[in-house]
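Peer 1: structural data only, the sequence is not supplied:
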């Protein structure tokens, strides 16, 4: 029997009616003769509400306890969904991350999956049950509950699909697939039929919230085919797989925008690689993710060091760098009113003019580019936050993305 | 270092301010040099809200999934309380039932504790941490989450106190102790300073919601001293222990009232012990708790069989007895508008006039007694629900309970 892994996000299980719709979809899949493993996120805004409760008690709650708290969100939705499937007369069982054999490291709130022991899930499937697994959570070797970080449910789903040898991993969300741009920012955005892993990885990392980058990495590593689609319709979504043949010749596949970034500048630090090392190794030690990094020599012996972190980690990052002796004399400034706009496309590797074309169209729109970073298949620009929509539309137009995929 | 186990009920952790107050109490206890294990219930009405969510999805959700759902309530409160204790600068860790080593049987929603493996708790205490354990929940040998039934947190606390060899088990609640009657029904009710296990067991079973009967049983079996007190004041509460010496001579210690009962009558069933056996063994098999049972022979070969169950189990009980072949011809009637009023006292064992005095005062108040059951230390009467307050006050007056204990 073919196994299919389905992942339902928070909006797909937001209330009783949503849960019943998801249950019907699961049952329909099973009637088509497939064994179904459903990975579920916490309902709607549950996670935010739980975080709010935590913040009322402590400005910096222990991360282990945060995980203990947040994990209840998924535990609620798996049990409720199991009840809904049961009410349709189909045998079903829900499993927490620990029960589902999702073993992680000890890095609370940002744990990584180390291994999946699928014995229990395989056994339950063999017993003819639909298996509903809590996304986003796992268990450490010390039996403590861990969470995988925001969007971790996608990673759970893809990792389970890989471990179980599933035919496909369907990611159900509140949009119909992966678009050339966020349709809220660019009304002419088009749904892509296929995206390669590499492109999807860049787009996911750059703010296309539809799929978590770590999930794409796992999918690429294990060759899991992902189908991103809407839980509110039966329309075909976007397939994420080895190579998007149809769009091979296309330079740019999509434009992404990421608001969750902030810029920190250390002005006049000693121009010494050991400072660089200290700053970023200390930030890494506490788990702060640094994104863009630029160092510009200004005058002899000193330099300006600029980098970006997520909005939530600004305070933590500032604390850390203020404690570095070598940076004692540096002025530290930060700016939360920035955003990152990126273009992504496997085709740009062999075409050096793409970055230039992007700068050109942003310049034409009067948008000041503060930082640039590039990879083989993307170009990212940090811009003032209030110009985000203008920037997305300028790039979308520049690279004629309205001619790709299918209309919304 | 002496270990003390404290149990905080749902009202004691209802909101942020309550949680902070509990955290302060825990920290104060620790500053007195004691190792603290706190057992916590779900916040306020969380359990009811979760049950409501379940009912929206299914009239009879699978009990395993109910447990999975309900267990999130305590998991939330333990993590929040741990954050509050941490915010006061005291090392702390929260543990789910499973992590705390609370092993139960597989009887979902009504599981019984089979064993407590205290290794992890002992280790954490040794590391100098306050340990916060989720009440009400455990884990089966198959790693499934179980719950102990309503009020199970008391049982968790007492069982932990026994396993850890704790000096005492403090049960914090929203009242100041055990009263001669529910103060909401009888304003002249008095707080008792001490109650014996046997009396407390009867009072708890009969509707004194302050302490769960199973918890009292465990306390009696292991000699755990329980201190029932308010989490909102520092007043001494009621000690529940081996023998309430101070009140040895007293016939009646308290009056209790229980609204959670319903009467079922099987009219004209065959007057045959095998019918009795069938009815009650089948009810037991599905876990329906039967309380009072009376059989009255009416005419030749048939009899009326009357018994009481909890309000929630009426439908289930009716389903079961309607399926019994020997009862096919019986008319089945039920009445949910009843209540049980009881008097409790270790002193009544040797005094046959107590029951008569109770019937007398109820009769004087014009209250019709529908069923009677007695044990060595209590007399219970089933009466019309709307007369509950009159009945409690009549008994309280009859046995001069306003002269016991201390005023409210």
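Peer 2: Yep, that arrived. Just so it is clear, the model here is predicted, and its values are computed rather than measured.
Peer 1: for chain A, what are the low-confidence residue spans?
Peer 2: Within chain A, the set of residues satisfying pLDDT under 70 comprises A:205-208, A:244-249, A:297-299, A:349-350, A:352, A:407-408.
Peer 1: which residue is nearest the middle of it?
Peer 2: Computing the C-alpha centroid of chain A and ranking residues by CA atoms, centre = their mean puts residue A:212 first, at 2.6 Å.
Peer 1: quick one: it from residue B:78, how far?
Peer 2: Distance from residue A:212 to residue B:78, counting by CB to CB, to the nearest Å: 28 Å. Every C-beta, even on glycine, is put in place using the N, C-alpha and C of the backbone.
Peer 1: what residue of chain A is the furthest out?
Peer 2: Farthest-from-centroid check, chain A (CA atoms, centre = their mean): residue A:300, 40.9 Å.
Peer 1: list the contacts for the closest residue to that residue other than its chain neighbours?
Peer 2: In space, not counting the residues next to it along the chain, residue A:300 is nearest to residue A:271; the distance is 7.8 Å by CB to CB, 6 or more residues apart in numbering or on different chains. Neighbouring residues of residue A:271 by CB atoms under 8 Å, 6 or more residues apart in numbering or on different chains: A:297, A:300-303.
Peer 1: how much space separates residue A:271 from chain B?
Peer 2: Here the distance between residue A:271 and chain B works out to 41 Å (CB to the nearest CB, to the nearest Å).
Peer 1: what of residue A:260?
Peer 2: Here the distance between residue A:260 and chain B works out to 24 Å (CB to the nearest CB).
Peer 1: how about the strands in the stretch 151-300 of chain A?
Peer 2: Counting by DSSP state E, counting those that start in this stretch, one finds strands in the stretch 151-300 of chain A at the ranges A:168-173, A:194-196, A:226-230, A:238-241, A:254-258, A:262-270, A:293-299.
Peer 1: so which residues on the stretch 1-150 of chain A come close to chain B?
Peer 2: With the criterion set to CB under 8 Å from any CB of the partner chain, the stretch 1-150 of chain A comes near chain B through A:16, A:19-20, A:50, A:53-54, A:56-58, A:61-62, A:64-66, A:68-69, A:71-72, A:75-76, A:78-80, A:82-84, A:86-87, A:92-94, A:96, A:98-99, A:120, A:143-145.
Peer 1: from those, which land in strands?
Peer 2: Secondary structure assignment by DSSP state E places A:92-94, A:145 of the residues of the stretch 1-150 of chain A next to chain B in strands.
Peer 1: run a quick neighbour tally on residue A:366.
Peer 2: Applying other CB atoms under 10 Å in any protein chain shown, we find 9 residues neighbouring residue A:366.
Peer 1: so it sits in a helix?
Peer 2: No: using DSSP: H, G, I helix; E, B strand; the rest coil, the assignment for residue A:366 is coil, not a helix.
Peer 1: state the distance from it to residue A:390.
Peer 2: Relative to residue A:390, residue A:366 is positioned 8 Å away (criterion: CB to CB).
Peer 1: again, but for residue A:323
Peer 2: From residue A:323 over to residue A:390 the distance is 39 Å, taken as CB to CB.
Peer 1: next one: residue A:75
Peer 2: Taking CB to CB, one finds residue A:75 at 43 Å from residue A:390.
Peer 1: ok, now residue A:214?
Peer 2: Distance, residue A:214 to residue A:390, using CB to CB: 31 Å.
Peer 1: mind checking which of those two has more residues around it?
Peer 2: In this view residue A:214 and residue A:390 are compared by other CB under 10 Å, and residue A:214 has more residues nearby, 21 against 17.
Peer 1: distance of that one relative to chain B?
Peer 2: In this structure, residue A:214 lies at 25 Å from chain B, with CB to the nearest CB as the measure.
Peer 1: equivalent analysis for residue A:49, please.
Peer 2: Computed with CB to the nearest CB, the distance linking residue A:49 and chain B is 10 Å.
Peer 1: which one (most neighbours) among the ones in strands among the residues of the stretch 1-150 of chain A next to chain B?
Peer 2: Highest neighbour count within these: residue A:94, with 32 neighbours (other CB under 10 Å).
Peer 1: that residue against residue B:66, yeah?
Peer 2: No: Residue A:94 is not in contact with residue B:66 according to CB atoms under 8 Å; the separation is 10.9 Å.
Peer 1: what residues are shared contacts of these two?
Peer 2: By CB under 8 Å, 6+ apart, the residues touching both residue A:94 and residue B:66 are residue A:79.
Peer 1: roughly how far out does the one helix or strand residue A:38 maps to sit from the chain middle?
Peer 2: When elements are defined using DSSP states H and E, residue A:38 is found to belong to strand A:35-40. A distance of 20 Å separates the centroid of the chain from that of strand A:35-40, by CA atoms, centre = their mean, to the nearest Å.
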